[in-house]
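Trainee: 3D model of this:
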Amino acid sequence: MFRTDPAKRVSRFYRVEISANLFQEFSVLREWGNMGGKGRQIIRLFPDLLSASLAADSVRETNLRRGYLRG
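Mentor: From the prediction side, this is the model:
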């Protein structure tokens, strides 16, 4: 997802990704920052795909309300 506002000189990104690991857990990776920069990230573990998917959807909806657009 991306958010740009040339008047405020804002150009940001936000990425949400779900992946499985070797221990049969699912992780939700959240990465955000200024475009062209390194950014920051957080990884949370979940016991099943449903709970990971619900968490990722919640993050996406929050950022869409904040003005991010799907890229």
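Trainee: Check the average confidence over the longest strand anywhere in the chain, would you?
Mentor: If you go by DSSP state E, the chain has its longest strand at strand 10-20. For strand 10-20, mean pLDDT rounds to 94.
Trainee: Would you mind listing the outside residues contacting that strand?
Mentor: 1-4, 26-36, 39, 49, 52-53, 56, 59-60, 63, 68, 71 (C-beta atoms under 8 Å, 6 or more residues apart in numbering). The way it works is simple: take the backbone N, C-alpha and C, and place the C-beta from them, glycine included.
Trainee: at 10 Å instead, please
Mentor: Outside strand 10-20, the residues within contact range by C-beta atoms under 10 Å, 6 or more residues apart in numbering are 1-5, 25-37, 39, 41, 43, 46, 49, 52-53, 55-60, 62-64, 66-68, 71.
Trainee: Which ChimeraX command selects the buried ones in these?
Mentor: Filtering those down to the buried ones (16 or more other C-beta atoms under 10 Å) takes a single ChimeraX command:
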select :1,3,26,28,30,32,46,52,55,56,59,63,68
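Trainee: re the thing from before, neighbouring strands for the longest strand of the chain, and are they parallel or not?
Mentor: Partner strands and pairing direction for strand 10-20 (DSSP bridges) are strand 2-5 (antiparallel), strand 26-34 (antiparallel).
Trainee: Any buried residues in that strand, and which?
Mentor: Buried positions in strand 10-20, judged by neighbour count with 16+ other C-beta under 10 Å: 12, 13, 14, 16.
Trainee: how close does the first one get to residue 67?
Mentor: Between residue 12 and residue 67 the computed distance is 9 Å (C-beta to C-beta, to the nearest Å).
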